[in-house]
Each structure stands twice: as structure tokens, then as C-alpha cells.
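Asker: just coords:
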């Protein structure tokens, strides 16, 4: 598969992340935590149900693949939960566990910085470690830093959190990034508050 096709597929996959940025943004601008939790839990439950049906029933798998196959990685088409399921579970847990001031930037790290890392890595990546590129991690860090500067009152400590989140995204820790990034970032931002 050529690089242009891989980049287009990654852009399509990451469109879900980018689109879900609306959820923490409307939370930031005044929607209540109860409403945001309801929305994120509803989406998590929907994707989880779709994954369970897909993994256990041939008819559900066929329909799921007809609708979502262009958005799925190869291993997600078989027995694994999709990235969307993990994304909404991670988002829901972060909104539940942390106050708005910590949860919004932490979830934006997931919905904006993480896809920027993937796209930058596909487009500009040349040196790979653990399957990730330095260029992608730099894209994550710069995006996360912008999020910190726009959505928080933190300065150096917040930028340190952005760097820590970039390292968490980069290292092969063994926990899905869609869970790890917002929970790690939310905890650090909460502790700083």
C-alpha cells in the first residue's frame, strides 16, 4: 500500500477522534457534567454493544463491516474492540473521575493530539521506535501544549503534563491509548489543580 493511501486511511480513521472533540468543547462552554456523562456513556454503550454483537454474530459482523470497514484496522475487524469503543470508554471515565478543568484538556489530548500524532507520523515519520515516530510524538506534544495554553491556567507545569502525555502515547505500555492518555492526563492536571 502506498504512503498516500495509508495517509488517507489514517485521516479517515482519525476523523472520529476529531469529530468527538465537540463533546469536551461543549462541556467547557457550559453543558453540565451530567449531560456530558450521559452522551459519552451512551456512545460508549452503543459502540460496546456493536462490538459484542460483531464478535458473536455473523450477520452483525457483516453489517458492521459494511458500515465501518474503512475506519477499522485489520485487527479490529476480527476479535478486538474497536478504537471507537475504547475512545468513548476513556472519555466517559475521564469525565466521571475528574472535574471539568482537568477532564476537558485531558480528553482533548485524546481527540486532537492523539490523531495529530498518528497523521504526523504517517506523513513525516522517518525514525520509528516501538512502532511510533519521533515526528508523531512531536505533533502530539505541540498540539497538547496548545490545548494546555488555551484551555487551562497552567504554564510550565501544564506543558510538563503535555510532555508526559506525549511520552505515554509514545511508549509501549500495553494499555490502549484511548484509555491511558485521558486518564493519565486528567490525573496529572487534577493533581496540579
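Answerer: Yep, that arrived. Predicted, not measured: the structure shown is a model, and the values here were computed from it.
Asker: for residue 92, which non-adjacent residue is closest in space?
Answerer: For residue 92, the nearest residue in space outside its immediate sequence neighbours is residue 40; the separation is 4.2 Å by C-beta to C-beta, 6 or more residues apart in numbering. To be clear about C-beta, it is placed using only N, CA and C from the backbone, and glycine gets the same treatment.
Asker: the one you found and residue 134, how far apart?
Answerer: The spacing between residue 40 and residue 134, counted by C-beta to C-beta, to the nearest Å, is 32 Å.
Asker: settle it for me: which of these two has more neighbours?
Answerer: Neighbours per residue, other C-beta atoms under 10 Å: of residue 40 and residue 134, the larger number sits with residue 40, 25 against 16.
Asker: give me the phi and psi for the more buried one.
Answerer: Listed backbone geometry of residue 40 is phi -70, psi -40, with angles given as degrees, to the nearest 10.
Asker: list the contacts for it?
Answerer: The neighbourhood of residue 40, defined by C-beta atoms under 8 Å, 6 or more residues apart in numbering, consists of 23, 88, 91, 92, 95.
Asker: which of the residues you listed sits closest to residue 180?
Answerer: Nearest to residue 180 among the contacts of residue 40, counting by C-beta to C-beta, is residue 91 at 12.6 Å.
Asker: hang on, the closest one packs against residue 23?
Answerer: Yes. Under the contact definition of C-beta atoms under 8 Å, residue 91 touches residue 23, with a separation of 6.8 Å.
Asker: quick one: common contacting residues for the two?
Answerer: With the criterion set as C-beta under 8 Å, 6+ apart, the overlap between the contacts of residue 91 and residue 23 is 40, 107, 111.
Asker: could you dump those residues to JSON lines with pLDDT and distance to residue 169?
Answerer: As requested, the shared contacts of residue 91 and residue 23 are exported to JSON lines (pLDDT from 0 to 100; distance: C-beta to C-beta, whole Å):
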{"residue": "40", "pLDDT": "97", "distance to residue 169": "20"}
{"residue": "107", "pLDDT": "98", "distance to residue 169": "14"}
{"residue": "111", "pLDDT": "96", "distance to residue 169": "13"}
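Asker: dump these to a markdown table, plus distance to residue 147.
Answerer: Compiled in a markdown table, the shared contacts of residue 91 and residue 23 are given as follows (distance: C-beta to C-beta, whole Å):
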| residue | distance to residue 147 |
| --- | --- |
| 40 | 18 |
| 107 | 10 |
| 111 | 10 |
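Asker: of all those, which comes closest to residue 12?
Answerer: Ranked by distance to residue 12 (C-beta to C-beta), these are led by residue 111 at 15.7 Å.
Asker: mind listing what the closest residue to residue 151 other than its chain neighbours touches?
Answerer: Across the structure, with C-beta to C-beta, 6+ apart as the measure, the residue nearest residue 151 apart from its sequence neighbours is residue 105 (4.7 Å). Contacts for residue 105 (C-beta under 8 Å, 6+ apart) come out as 147, 148, 151, 152, 158, 185, 189.
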